[in-house]
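Student: Sequence below, structure please.
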Amino acid sequence: MSKTSILLGLSALALCAAAGFAEAQSLPARILEKKTLVVANVPNYPPLEFKDPKTSKLTGLDIDLGEALGKQLGVTVKWEEISFEQMISALTTGRADMILSGMSDLPGRRESLDFVDYLASGAQFYTNGDRKDEFKDLAALCGKKVGASRRTSFPKEMEGWSKENCEAKGKPALQIVGTEGSADARTQLRQKRLDAAVQGSETLPYLMNQEPGSYAVLGTPFTTVYQGLAFAKKDTELRDAVARAFTAMLADGSYAAVLQKWELADAKVDTLMINGETKN
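Tutor: Model prediction:
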């Protein structure tokens, strides 16, 4: 390697270090004081967040992304495991600084939260592997029992799909079953209590790799939504610091590396988006 190349490389490292220092300095005083960012998470949504069955260690795409953002910001990430229902109150009460847990950036949630979007997603139907030939046409789902976590936006989105693709065409509506979570939906599917289920499109490749032949994806995602890092509406200082750190990860390739590790490169975002809007 030439002397010039070495100098250029050192300069690049210096710039990255300076950028990281600048992001750290722009954090709210409460976080600078403790050097800790408390992040709310529900580890039940692989491959975004889950407990490794062999080690019980918290792992997943969101975990890797959060740790990488912590390095950019110069702070330690403390993962706060709470229920999905307590996510928003955790921010407003100060129990957590940020949510990173596969939360969809939905217009209704923007009334109390701001989002830095980081992953493209969509609701997608799937069924048991041995029943895939029954649903070569998605219209075959009309009148069937289809489940999804009641904690998500999926049941409402399924209702909209049913009105447009079933009821408007004189076919029976989907029988929508709200489950205790995605894992419960899969259990009911295996037990033949459901004919099909709905999950985020970003989770299904992992699920099918883990249980080959057990499930079959039906069609393509019928919604488009982004997963976002969520902040209390008043916490703009933290939101903007994390947004700058995420932009740095977009530029240096570390964001792409996280997605590649979890085989979700196709779900990437190409630019900074806040509350669904592209920021230059």
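Student: Who does the nearest residue to Met208 once chain neighbours are set aside form a beta bridge with?
Tutor: Nearest residue to Met208, sequence neighbours excluded (Cβ to Cβ, 6 or more residues apart in numbering): Tyr215, at 5.6 Å. For the C-beta atoms, the positions are set from N, CA and C on the backbone; glycine is no exception. Tyr215 has these beta-bridge partners by DSSP bridges: Asn128.
Student: pLDDT at Tyr215, what is it?
Tutor: Looking at Tyr215, its pLDDT reads 96.
Student: how near is it to Arg190?
Tutor: Per Cβ to Cβ, to the nearest Å, Tyr215 is found 9 Å from Arg190.
Student: circling back to that earlier point, so the residue nearest to Met208 touches Leu204, yeah?
Tutor: Yes: in this structure, Tyr215 is within contact of Leu204 by Cβ atoms under 8 Å, at 7.5 Å.
Student: Overlap in contacts, the two.
Tutor: Residues touching both Tyr215 and Leu204 by Cβ atoms under 8 Å, 6 or more residues apart in numbering: Tyr126.
Student: So which of these two has more stuff around it?
Tutor: Of the pair Tyr215 and Leu204, Tyr215 is the one with more neighbours under other Cβ atoms under 10 Å, namely 24 against 17.
Student: dump the residue contacts of that one.
Tutor: By Cβ under 8 Å, 6+ apart, the contact set of Tyr215 is Tyr126, Thr127, Asn128, Gly129, Arg186, Leu189, Leu204, Leu207, Met208.
Student: tell me which of those residues is nearest to Val177?
Tutor: Looking at these and their distance to Val177, the nearest is Leu189, at 10.2 Å (Cβ to Cβ).
Student: Could you report the separation of the closest one from Ser121?
Tutor: Using Cβ to Cβ, Leu189 is found at 20 Å from Ser121.
Student: Now do the strands in the stretch 101-250 of the chain.
Tutor: Using DSSP state E, counting those that start in this stretch, the strands of the stretch 101-250 of the chain run over 113-121, 123-128, 145-149, 175-179, 196-200, 215-218, 225-232.
Student: Quick one: closest of these to Glu81.
Tutor: Per Cβ to Cβ, nearest to Glu81 of the strands of the stretch 101-250 of the chain: strand 225-232, 15.9 Å.
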